[in-house]
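J.: Just to be clear, the model below is a prediction. Sequence and coordinates:
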Amino acid sequence: MNTNNASLYRRRDVLALAGATLAGAALPGLARAQDGKTVRLLVGFPAGGGTDAIARLLAERLKDQLGVTVIVENKPGAGGQLAAQALKAAPADGTTLFLSHDHTISILPLVVRNPGYEPARDFVPVAGFATFVNALALSGGTPARSLAEHVAWVRTQGKGKGAIGVPAPASVPEFLVQVIGRKFDLDLVAAPYRGSAPMLTDMLGNQIAAGVGSIPDFIENHKAGKIRVVAVLGNSRQAALPDVPTFAELGLAGFEDVPYYGVFAPAGTPRAAIDTFSAALGKVLAQADVHERLSAMGLSVGLMSAAQLGEREAAYAKVWRRIIADSGFKPQ
């Protein structure tokens, strides 16, 4: 081999190595397909609930965008607390992420003295992808067809006493049950479940007369006529449920700020990894069938950057800090 050819091959090898390095940098911190690694998407509630269904839809499409296997790992318990603790303990390399709604990130730290994590210190926002509203739904076995009829039914059948299911203790749904009770002079107690799936099972089996949860939890069975959504939070009626009034329309103002869905990573996760995942999620949300399916679940779909998600979370926590303080609830 002459000197010129040797120099040419060396330059080619250097360029090839540089190209491979740049290609590998496209997914920094995220598991690369050639490494045989997997991205875990933690969910703090059982399989079968609304959050789980959303996570599985997104995970299926994200693996195509990221070029890696993306699995949903359910860690139910304590309103998502166990999943959040698992996120905190995970390596900050982008291989473990947490798909959560407002309860675990914004509400639990306000109602639990030591949840085992501090969001501002232990997590970083990656991207938000939707807002949604909570709703009051009635079981199919109850005769009521509206909130007013349910209030009348509790007064006659329960002598003013009743229970309403909530997917987690000390949650937004539980505080809403308290407000409903005060508004209509009822002795209502919130019956906490370990997620929306077991609560819905009891509602479908007429083991409990009513429940408060997110529209994604209720909408399928509402449309099938198995339960009846009778009121929603938010400042306007929902496109997926145009005939269902807001709580404000029914005289229960103060619940207009709506919760969110987002993805979070352990603190210290590389910025490039966060940006890569956010870009991939944006492409998934832009797929017409994904947007349609999420909208049909009752979500208002739209990508939020890491910064936007952080701002949204802080604003939401501020609103609920006041509501929780006004309720007299003491962190436990």
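T.: Good, I have the coordinates.

J.: Phe218 is in contact with Asn134, correct?
T.: No - counting by CB atoms under 8 Å, Asn134 sits too far from Phe218 to count as a contact (9.5 Å). Heads up, the C-betas are built off the backbone N, CA and C, glycines and all.

J.: Next secondary structure after the longest strand that the chain contains?
T.: Counting residues, the longest strand found in the chain (DSSP state E) is strand 123-131. Note on strand 123-131: by DSSP states H and E, the next helix or strand toward the C-terminus is strand 134-139.

J.: which other helices and strands contact that next one?
T.: With contacts defined as 3 or more CB pairs under 8 Å, 6 or more residues apart in numbering; DSSP states H and E, the packing partners of strand 134-139 are helix 172-183, helix 196-204, strand 210-214, helix 215-223, strand 227-232.

J.: In this structure, where is pLDDT below threshold?
T.: Applying pLDDT under 70 to the chain flags the ranges 1-36.

J.: Find the residue at the geometric middle of it.
T.: The structure's the chain has its C-alpha centroid closest to His101; by CA atoms, centre = their mean the separation is 2.5 Å.

J.: Tell me where the chain has helices.
T.: 3-25, 50-66, 81-89, 102, 108-111, 119-122, 147-157, 172-183, 196-204, 215-223, 271-285, 288-296, 306-327 (DSSP state H).

J.: May I see the buried residues of the last one?
T.: For helix 306-327, burial by neighbour count (16 or more other CB atoms under 10 Å) applies to 306, 308-310, 312-313, 316-317, 320, 323-324.

J.: Out of these, flag the one nearest to Ala210.
T.: Ile323 (20.9 Å; CB to CB).

J.: Run through the residues that contact Arg56.
T.: By CB atoms under 8 Å, 6 or more residues apart in numbering, the contact list for Arg56 reads Val72.

J.: would TSV of the buried residues of helix 306-327 with distance to His222 be doable?
T.: Below are these laid out as TSV (distance: CB to CB, whole Å):
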residue	distance to His222
Ala306	34
Gln308	30
Leu309	29
Gly310	33
Arg312	27
Glu313	28
Tyr316	25
Ala317	29
Trp320	26
Ile323	26
Ile324	28
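
J.: coming back round to it: Ile71: which of the helices and strands packed on strand 134-139 is closest?
T.: helix 196-204 (19.0 Å).

J.: Could you point out which of the buried residues of helix 306-327 is nearest to Ser146?
T.: Checking these against Ser146 by CB to CB gives Ile323 as the nearest, at 24.9 Å.

J.: could you check the distance from the closest one over to Phe255?
T.: 8 Å (CB to CB, to the nearest Å).

J.: what do you get for Thr156?
T.: 27 Å.

J.: Of the two, which one has the most company?
T.: Phe255 (22 against 9; other CB atoms under 10 Å).

J.: sorry, back to before: chain center to the longest strand of the chain, what's the gap?
T.: 10 Å (CA atoms, centre = their mean, to the nearest Å).

J.: between it and helix 306-327, what angle do the directions make?
T.: In terms of direction (axes from the mean of the first three to the mean of the last three CA atoms, to 10 degrees), strand 123-131 departs from helix 306-327 by 80 degrees.
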